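Trainee: Need coordinates for the following:
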Amino acid sequence: MENIISLDGTRIAYHRRGAGAPLILVPGSGTANPVAWTGVVPAPLAEYFTVYAVYRRGRGESGDGPTYAIEREFEDIEAIVDSVGEPAALLGHSFGGLCALEAALLTRNLRKLILYEPAIPLPGVVLYPEGVIDRMQALLDAGDREGVLITLYRDVVQMPPHEIEQLKASPAWPERIESAHNVLREARAEEQYTFSVQRFKDLHTSTLLLLGGDSPPFLKRATETVDTALPNSRIAVMPGQQHTAMYTAPDLFVHEVLTFLNEPG
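Mentor: Numbers count the residues shown, from 1 in each chain. Got it, this is the predicted structure:
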């Protein structure tokens, strides 16, 4: 385990695996660390890249600030990207996709950007159905951390039951449960975040947006909105997949990532 000190002095931990150009992985709210992407990390991605699997603040061995602000998450990712020396590729999933997108505005050390269904709130789009955050808070207050995660997957991400069971059977499930309290603060931060197309009009970094062919409409709209905002992006649709293709179709996920990262530019 290695770490970097973020702008506010918080220690942010990461696993480093493999050799080659740097590829930084940023997980979403329901994942403690991308090492849990067992069909993807360490192999096969680490066969081609030096993979940095990030524990976002408040997870695993990463520290946490006295108060939470989503902007600190952006600075954390910037600090890691800036620390790796040569220009890096950055891959963010869900809430981690939002963090990666904002970090791309802060760093000058980015080669390519991959965003898998970034959790972007938009006018008229409901990320969190009415009452669901309060229900997750009640579950957390009652000590039911697993219930928080299941509610997130089932009622927000709209994950099919068999995919939830697949996650529960994974070795990383206890670590997910341990980090479940972070879901609430990130959900509230997402609801307060405002996406501005104008802020990204000069972000010319080559960007791939991954989208599950069967993902819920709100994730499809968010992905398409980000694609419209970025001047140098494209969408790759993964047929038959939803929000967790790194588990349900790792070969397809890796194919899309490797194809994009090996393209010129």
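Trainee: my read: residue 182 touches residue 31, true?
Mentor: No: using CB atoms under 8 Å, residue 182 makes no contact with residue 31, being 10.3 Å away. Any C-beta I mention is one placed from the backbone N, CA and C, and that applies to glycine too.
Trainee: between those two, which one's more packed in?
Mentor: Comparing residue 182 with residue 31 by other CB atoms under 10 Å, the one with more neighbours is residue 31, at 27 against 20.
Trainee: Can you name the residues that contact that one?
Mentor: When contacts are counted by CB atoms under 8 Å, 6 or more residues apart in numbering, residue 31 touches 37, 93, 96, 172, 176.
Trainee: isn't the first one right next to residue 245, touching?
Mentor: Spelled out, that is residue 37. No: using CB under 8 Å, residue 37 is not in contact with residue 245, being 9.9 Å away.
Trainee: Kindly check the end-to-end length of stretch 226-245 for me.
Mentor: 20 Å (CA to CA, to the nearest Å).
Trainee: Tell me which two of the contacts of residue 31 sit farthest apart.
Mentor: Spanning the widest gap among the contacts of residue 31 are 96 and 172, at 15.1 Å by CB to CB.
Trainee: More neighbours: which of the two?
Mentor: Applying other CB under 10 Å to residue 96 and residue 172 shows that residue 96 carries more neighbours, namely 28 against 16.
Trainee: What does that one show for phi and psi?
Mentor: The phi/psi pair for residue 96 (degrees, to the nearest 10) reads phi -60, psi -30.
Trainee: what about residue 261, which helix or strand?
Mentor: helix 250-262 (DSSP states H and E).
Trainee: So what touches that helix?
Mentor: Under the contact criterion CB under 8 Å, 6+ apart, helix 250-262 has outside partners 21, 23, 37, 39-40, 44-45, 48-49, 89, 91, 112, 114, 208, 210, 236, 238, 241, 245-246.
Trainee: Only whichever of these are buried, select them in ChimeraX.
Mentor: Buried members of the contacts of helix 250-262, defined by 16 or more other CB atoms under 10 Å, are picked up in ChimeraX with:
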select :21,23,37,40,44,45,48,49,89,91,112,114,208,210,236,238,241,245,246
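Trainee: Tell me, how many residues neighbour residue 264?
Mentor: By the measure other CB under 10 Å, the count of residues near residue 264 is 4.
Trainee: So it, which state does it fall into?
Mentor: coil (DSSP: H, G, I helix; E, B strand; the rest coil).
Trainee: which SSE is residue 246 in?
Mentor: If you go by DSSP H and E, residue 246 is part of helix 245-248.
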